[in-house]
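Enquirer: Next come a sequence and a model predicted from it.
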Amino acid sequence: MKKQKKINLAQFLVHGPTYHSLGMWRHPKTIDRGYEWDRPELYQHIARVCEKGLFDTVFFADLNYIADTFTGSMAPSLRYATQAPEHDPIPLLSFMSAVTKKIGLAATFSVSHSHPFYAARLWATLDHLTRGRAGWNVVTSINSNQAANYGEERQSTDRRYDRAHEFIEVCQKLWNSWDEDAVVMDHDKAVFADPTKVRRIEYSGEFFKSRGPLNVTRSPQIGPAILQAGTSAKGQDFPAKYAFEEFRVKRYRQRSDDEFADHVDVGDYNSARRFLVCFLYLNDVEEGGTTDFPKIHHAITPKCARILVFPPNWMYRHAGRPVTKGTKYILGSYLHYL
């Protein structure tokens, strides 16, 4: 039997009265049904229909300006509702998540006119509210009108992407400033979070500085899924750079509490951006320190330069067992869907 191909479907939206179908707001059926494009219930309905139709995600484009290219005036855009007005789509994502369970919820947000700490906090919060279904379409805003709205000059493509790379780098460090097990909520000992597992980032780059940490706990996806569609050389390099999470080195000491109990690395496989778990063992371990997979009755012995790759879902529950002799060093990361 010929293998069937999988199709991924996304619903393209804007938080406005019209987009590609420029006369939609004047269509007789639209008028008869009382088209209220600015009410959240409309978008909740769209999200439910798309989820029922097995769409993978709903996606909002966004602009921060009203175009004046045609005739040198804003009049045509305003008269015919040509990509104007456009309300901010990001608040809608939480409305839509409240009536859905699986579908991805993505929106556009420019990195050219804000600080990474604000964006990291916003998207980590949305990732919590959507239970790991948030997606951020990263753009650098080519339009001079948008730059002028923020009191700035439009930068060259290379300069915008240099800034964008640093912007996302800061965001990722902030998203990783809380360890996965930082929140302990020990009621008896009156400890909400382990202070040793939350750290400052002390970032200082060409464009941004941030002390950190983020004041939002680690989110289900460790920040949202990152979408990007740049066509320039630096734009095409952008998604490749962020396919992996931050690489982390972990030390397991002999006869200590350094271990991980049986767990999975993704709580909701349908929505999380983690695709593969990647471990690189950095040394031989004399005794113990195995990576165990209880469900499949298999254990991996740490050997220097051995690479372990496996899916992060429930079928591959795993545990990092204590080291009984020696020390174990491991380099870990996750490969993401893009």
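Expert: Structure received. Residues are numbered from 1 along each chain as shown.
Enquirer: contacts, neighbours, all on C-alpha from now
Expert: Noted.
Enquirer: contacting residues for the nearest residue to residue 211 once chain neighbours are set aside?
Expert: Among residues not flanking residue 211 along the chain, residue 202 sits closest, at 4.3 Å (C-alpha to C-alpha, 6 or more residues apart in numbering). For residue 202, the contacting residues are 209-212, by C-alpha atoms under 8 Å, 6 or more residues apart in numbering.
Enquirer: Got phi/psi on residue 202?
Expert: Residue 202 has phi and psi values of phi 50, psi 60 when expressed as degrees, to the nearest 10.
Enquirer: Domain parsing of the protein, as residue ranges.
Expert: For the chain, automatic domain parsing gives the domain ranges 10-241, 248-336.
Enquirer: for the longest one, what is the average pLDDT?
Expert: Read it as domain 10-241. Predicted confidence along domain 10-241 averages 89 (mean pLDDT).
Enquirer: just stretch 280-296 next, same as before
Expert: Regarding stretch 280-296, the rounded mean pLDDT is 91.
Enquirer: With distance to residue 4 added, can I get the domains of the chain in JSON lines?
Expert: JSON lines is the format used below for the domains of the chain (distance: least, C-alpha to C-alpha, whole Å):
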{"stretch": "domain 10-241", "distance to residue 4": "16"}
{"stretch": "domain 248-336", "distance to residue 4": "20"}
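Enquirer: hmm, back to that, select only the buried ones of the contacts of residue 202 in PyMOL?
Expert: Selection of buried members from the contacts of residue 202 for PyMOL, criterion 16 or more other C-alpha atoms under 10 Å:
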select buried, resi 209+210+212
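Enquirer: Next, the distance between the ends of stretch 294-303.
Expert: 20 Å (C-alpha to C-alpha, to the nearest Å).
Enquirer: Need the contact partners of it.
Expert: For stretch 294-303, contacts defined as C-alpha under 8 Å, 6+ apart pick out 262, 281-285, 288-293, 315-318, 328.
Enquirer: Show me which of those are buried.
Expert: 281-282, 284-285, 288-293, 316-318, 328.
Enquirer: Strands - which of the residues you listed land there?
Expert: Among the buried ones among the contacts of stretch 294-303, the members found in strands (DSSP state E) are 281, 288, 291-293, 318, 328.
Enquirer: now for these, which pair is the farthest apart?
Expert: Put simply, by C-alpha to C-alpha the two of these set farthest apart are 293 and 328, 18.1 Å from each other.
Enquirer: Please enumerate the strands of the stretch 151-300 of the chain.
Expert: Using DSSP state E, counting those that start in this stretch, the strands of the stretch 151-300 of the chain run over residues 183-186, 191-193, 203-204, 209-210, 225-227, 248-252, 260-263, 274-281, 287-288, 291-293, 298-300.
Enquirer: so which of those gets nearest residue 121?
Expert: strand 209-210 (12.6 Å).
Enquirer: picking that back up, quick one: which of the buried ones among the contacts of stretch 294-303 is nearest residue 250?
Expert: Within the buried ones among the contacts of stretch 294-303, the smallest distance to residue 250 is 8.1 Å, found for residue 328 (C-alpha to C-alpha).
Enquirer: Run through the bridge partners of the closest one.
Expert: Taking DSSP bridges as the rule, residue 328 bridges to residue 252.
Enquirer: and it, what does it touch?
Expert: Applying C-alpha under 8 Å, 6+ apart, the residues near residue 328 are 251-253, 281-285, 289, 302.
Enquirer: swap in residue 319?
Expert: In this structure, residue 319 makes contact with 259-263, 291-293, judged by C-alpha under 8 Å, 6+ apart.
Enquirer: do residue 325 as well
Expert: Counting by C-alpha under 8 Å, 6+ apart, residue 325 has contacts 254-255, 285-288.
Enquirer: hang on, the earlier thing: including distance to residue 74, could the strands of the stretch 151-300 of the chain go into JSON lines?
Expert: JSON lines is the format used below for the strands of the stretch 151-300 of the chain (distance: least, C-alpha to C-alpha, whole Å):
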{"stretch": "strand 183-186", "distance to residue 74": "51"}
{"stretch": "strand 191-193", "distance to residue 74": "52"}
{"stretch": "strand 203-204", "distance to residue 74": "40"}
{"stretch": "strand 209-210", "distance to residue 74": "37"}
{"stretch": "strand 225-227", "distance to residue 74": "30"}
{"stretch": "strand 248-252", "distance to residue 74": "50"}
{"stretch": "strand 260-263", "distance to residue 74": "56"}
{"stretch": "strand 274-281", "distance to residue 74": "43"}
{"stretch": "strand 287-288", "distance to residue 74": "70"}
{"stretch": "strand 291-293", "distance to residue 74": "62"}
{"stretch": "strand 298-300", "distance to residue 74": "64"}
